[in-house]
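Q: no FASTA, just this:
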């Protein structure tokens with residue numbers, strides 16, 4: 001369900017890409033230090049966005065250095081670390097743990113069960129560090145699971161539940177920016193949930209699994225005799241839904257006095273988020289061509 005909040009690389013300047021990679025590698029480094037190499041599997045683009053957003057807003061003291069790692073052993077990489085790379089690494093591991101537990105319950109994915117067991121002690125440490133936040137997230141995830149298991153079809157209600165989870169992540173402290181950050185996280189969470197459903201729609205249709213966009217898909221199929229036209233109609237409807245979410249994300253972002261990383265964050269919000277959408281759409285149409293053959 002994570003990894004959809006990405007940048008549009010062709011639109012980034014070389015300096016901006018280096019800055020993004022330094023933040024990304026900084027979170028990776030924190031995951032390794034706090035949880036070992038197994039923790040690095042929790043690294044994703046979404047928590048990198050969170051780290052850069054909070055860094056740009058609060059402008060903390062940052063540590064920059066060059067290191068080698070197992071993935072890049074021959075050339076040192078710049079990394080940037082601060083309190084928000086630590087926080088984002090913790091939140092990334094926490095969400096990965098919950099996702100693995102959920103995948104084991106719903107689909108009996110053995111690897112996810114094993115991985116959850118490997119990071120359980122580290123997650124307990126994170127829960128002790130942020131007890132109220134983790135408690136709220138766990139309650140919301142249980143509610144989301146109930147919605148999905150009951151087959152709730154209300155898009156706003158179900159995606160909003162995941163939006164509330166992301167609100168918890170984006171609220172770092174109780175200050176004047178709290179509400180704006182929560183609102184940004186809320187709409188980004190709705191976008192992520194919808195994008196994940198869009199990405200999984202064909203697999204979920206085949207397996208009969210829950211998907212909040214199933215009714216939208218079936219309506220498009222019933223309205224068009226040509227399958228390609230039906231898929232394009234489905235894609236257009238999904239894009240409109242997600243556009244509403246990202247538009248609100250951008251509106252909330254522009255309320256924040258962010259200067260550091262502002263251009264990178266705008267690249268992600270205004271352009272990058274649609275790169276993945278376009279890839280998924282192309283994949284959908286490709287499956288249509290295979291079926292026609």
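A: Yep, it's here. Here the structure is a predicted model, which means the values were calculated and not measured.

Q: find the nearest non-adjacent residue to residue 66, please.
A: Leaving aside its sequence neighbours, residue 66 sits nearest to residue 76 (Cβ to Cβ, 6 or more residues apart in numbering; 3.9 Å). The way it works is simple: take the backbone N, C-alpha and C, and place the C-beta from them, glycine included.

Q: again, but for residue 48
A: residue 24 (4.9 Å).

Q: how about the lengthiest helix in the chain: buried residues?
A: In the chain, taking DSSP state H as the definition, the longest helix is helix 178-207. Buried positions in helix 178-207, judged by neighbour count with 16 or more other Cβ atoms under 10 Å: 180-202, 204.

Q: so where's the protein uncertain?
A: 1-2, 70-74, 106-107, 288-293 (pLDDT under 70).

Q: where do the strands of it begin and end?
A: 63-67, 77-81 (DSSP state E).

Q: which of those is buried the deepest?
A: strand 77-81 (a mean of 20; mean count of other Cβ atoms under 10 Å).

Q: what angle do that strand and strand 63-67 make?
A: 150 degrees (axes from the mean of the first three to the mean of the last three Cα atoms, to 10 degrees).

Q: do you know how far residue 62 is from residue 274?
A: 30 Å (Cβ to Cβ, to the nearest Å).

Q: now residue 265
A: 15 Å.

Q: re earlier: ok, now which ones touch the residue nearest to residue 48?
A: 43, 45, 48 (Cβ atoms under 8 Å, 6 or more residues apart in numbering).

Q: who wins for most neighbours among these?
A: residue 48 (27 neighbours; other Cβ atoms under 10 Å).

Q: isn't it right up against residue 28?
A: No. Under the contact definition of Cβ atoms under 8 Å, residue 48 does not touch residue 28, with a separation of 9.3 Å.
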